[in-house]
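K.L.:
Model the structure of this input:
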Amino acid sequence: MVLLRQLLGDVLRQLRLRQGRTLREVSAAARVSLGYLSEVERGQKEASSELLSSICKALGVPLSHVLREVADQLALAELQHEPVLAGAPPEHERISDERIPSDRIPATPEEITGEFRADMVAA
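P.N.:
Prediction:
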């Protein structure tokens, strides 16, 4: 099962690593403890909106960019019929048991186009 906090942590870690920055550098810039930032990146802690905003500012990326990345990964998980959040309906209660062929599932969020993209709506 994929949890939102894990997806969020993965996106934050990927952004930090792409910039070649350490946890220490980003935690200092975001004014967050190194240990707490590490737990957020590992999906062990839920980041408040204030904390998330501070981390994004420290990384120099808009919060909307991070949330879009998380939403794209969440959409991929849903396309693969994985329960995404606790309380998701069991397999036998889902609307359709029809599976999407694996060759039609995009490998990355950037590959989502057409019918897949139309299913995603920004909140």
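
K.L.:
Can you pull out the low-pLDDT segments for this protein?
P.N.:
For the chain, the stretches with pLDDT under 70 are 1, 82-123.

K.L.:
what are the ranges of the helices in it?
P.N.:
In the chain, the helices defined using DSSP state H lie at 4-18, 23-30, 34-41, 49-59, 63-79, 114-118.

K.L.:
tally of neighbours for Ala29?
P.N.:
15 (other C-beta atoms under 10 Å). Quick note: C-beta positions are derived from backbone N, CA and C, even for glycine.

K.L.:
residue contacts, the nearest residue in space to Arg24 that is not next to it in sequence?
P.N.:
Nearest in space to Arg24, with sequence neighbours left out and distances taken as C-beta to C-beta, 6 or more residues apart in numbering, is Leu34 at 5.7 Å. By C-beta atoms under 8 Å, 6 or more residues apart in numbering, the residues touching Leu34 are 23-24, 27.

K.L.:
one more time with 10 Å
P.N.:
Residues near Leu34 by C-beta atoms under 10 Å, 6 or more residues apart in numbering: 22-28.

K.L.:
swap in Leu59?
P.N.:
Leu59 makes contacts with 12, 15-16, 18-19, 21, 26, 29-30, 65-66, as judged by C-beta under 10 Å, 6+ apart.

K.L.:
Would you check that Arg68 makes contact with Leu8?
P.N.:
No: taking C-beta atoms under 10 Å as the definition, Arg68 is not a contact partner of Leu8, at 11.9 Å.

K.L.:
the more surrounded of those two?
P.N.:
Taking neighbours as other C-beta under 10 Å, Arg68 and Leu8 compare with Leu8 leading, 23 against 15.
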